[in-house]
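K.L.:
model the structure of this input:
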Amino acid sequence: MILKYSYFKKSPLITQKKIFLFYGPNFGKIESCVQFLKDKLSSYENSLKFLSFFQDDFLNHSFTEIVNQNTQEDIFGNKTSLIFSLSDLKFSNEIIKLISKNLNIQNIIFKTGPIQKALKFRKFFEDSSDCIIVPCYEDTLSEKKEIIVRFFNKENIKINPEHIFMLSSLLSNERLRLVNELNKLIIYIKTTKINVVDALSILVDNNHQDLSDLVYLLASKRGKDFWNTFLKVQQLFSDEIKFINIFSKHLEKLLFVKNKILLGFSPSTSMKALKPPIFFKQEELFLSQLDLWSYKELAKTIKQLHFCQMSILKNERSSKSNFLTLITKILDVSLT
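P.N.:
Predicted structure coming up:
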């Protein structure tokens, strides 16, 4: 049974069903759904426990074994709900087979990325009256406005409708990235005492061509060319925040494409699913970067960039040297 995201949190069905699948490119929206569901189910069953499992857990135990071992009530009558984060659908047939038996289990929640419409796993959940499937696509303009207003109200920072519209138009359509960008914006406004518009000019990617060129050189790990261009672009020395923001978004695009490839899509098809799309003259270069970065390296570097950016925003003494050190590690060359 398909439920739209906008209706999911209002639906009485969520307390009547036991199997849930949240999928799509918007991982932040998926996490929001799962957290809401956990809170809702816990309000009906105070002693309900949640156990999380990941793809690696299937290396030692089958899906059936995990379910059978963890869904029985304990001696006190406490029940357990299981949450599975799936990086691919290798075990989809086993999952379908077990769910089809209608076992008396408490709840099973699945999280995964985009799923092609024709795949059996998605079709099973869509057609089953015992399951709920919620597609989590990019945030709409109205959804982003609601999140922005909530953030600013929480921090007691005034923001007018014009600035709300500006932010919702410029910030990411992916929930986790949107929340990350808003957190950075709030920190910057509170620490520097500047207004929203001035903060936006620093934190939001304005597609400055010089910085875009640097991003592609760094993502391509072309050390000599990067440092030569780096020394010519004086803006970078005074605007590390903007560069980190643009570079982080570029790595997130590579990570998104890597995820799609793991789900069976071709590199070219995966790249074309990006919004906004890669500029056609840079498509070949972008695809070549996929071979230069492992999934683990991308995730680790994005996390390091986030900490580096927060350090700069807080005006920590070592922040700029940490920024250059991180770039040096990416290129695996020295500054001299």
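
K.L.:
list the buried ones in stretch 215-233?
P.N.:
Buried residues in stretch 215-233, defined by neighbour count with 16 or more other C-beta atoms under 10 Å: 215-220, 223, 226-227, 229-230. Bear in mind the C-beta positions are built from the backbone N, C-alpha and C, glycine included.

K.L.:
the stretch 51-200 of the chain: strands as residue ranges?
P.N.:
All strands of the stretch 51-200 of the chain, identified by DSSP state E, counting those that start in this stretch, fall at 80-86, 107-112, 131-135.

K.L.:
can I get those in TSV with distance to S47 and mean pLDDT?
P.N.:
Formatted as TSV, those follow (distance: least, C-beta to C-beta, whole Å; pLDDT from 0 to 100):
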stretch	distance to S47	mean pLDDT
strand 80-86	10	89
strand 107-112	14	91
strand 131-135	23	93
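
K.L.:
dump these into CSV; add distance to N160 as well.
P.N.:
Converted to CSV, the strands of the stretch 51-200 of the chain look like this (distance: least, C-beta to C-beta, whole Å):
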stretch, distance to N160
strand 80-86, 40
strand 107-112, 37
strand 131-135, 33
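
K.L.:
what's the closest of the ones you listed to I261?
P.N.:
Using C-beta to C-beta as the measure, strand 107-112 is the one of those that comes nearest I261, at 14.4 Å.

K.L.:
tell me the domain boundaries of this protein?
P.N.:
5-135, 141-203, 209-331 (automatic domain parsing).

K.L.:
wait, F58 sits on F91?
P.N.:
Yes. The pair F58 / F91 is scored as a contact, 5.9 Å apart, by C-beta atoms under 8 Å.

K.L.:
so which bits of the helix or strand harbouring C33 are buried?
P.N.:
Using DSSP states H and E, C33 sits in helix 27-44. For helix 27-44, a neighbour-count test (16+ other C-beta under 10 Å) marks 27-34, 37-38, 41 as buried.

K.L.:
ok, the nearest residue to I66 once chain neighbours are set aside to F226 distance?
P.N.:
The spatially closest residue to I66, leaving aside those adjacent along the chain, is F53, at 6.0 Å (C-beta to C-beta, 6 or more residues apart in numbering). Distance of F53 to F226, given as C-beta to C-beta, to the nearest Å: 41 Å.

K.L.:
same question for S294.
P.N.:
20 Å.

K.L.:
D88 too?
P.N.:
34 Å.

K.L.:
do S169 as well
P.N.:
As for S169, its distance to F226 is 31 Å (criterion: C-beta to C-beta).
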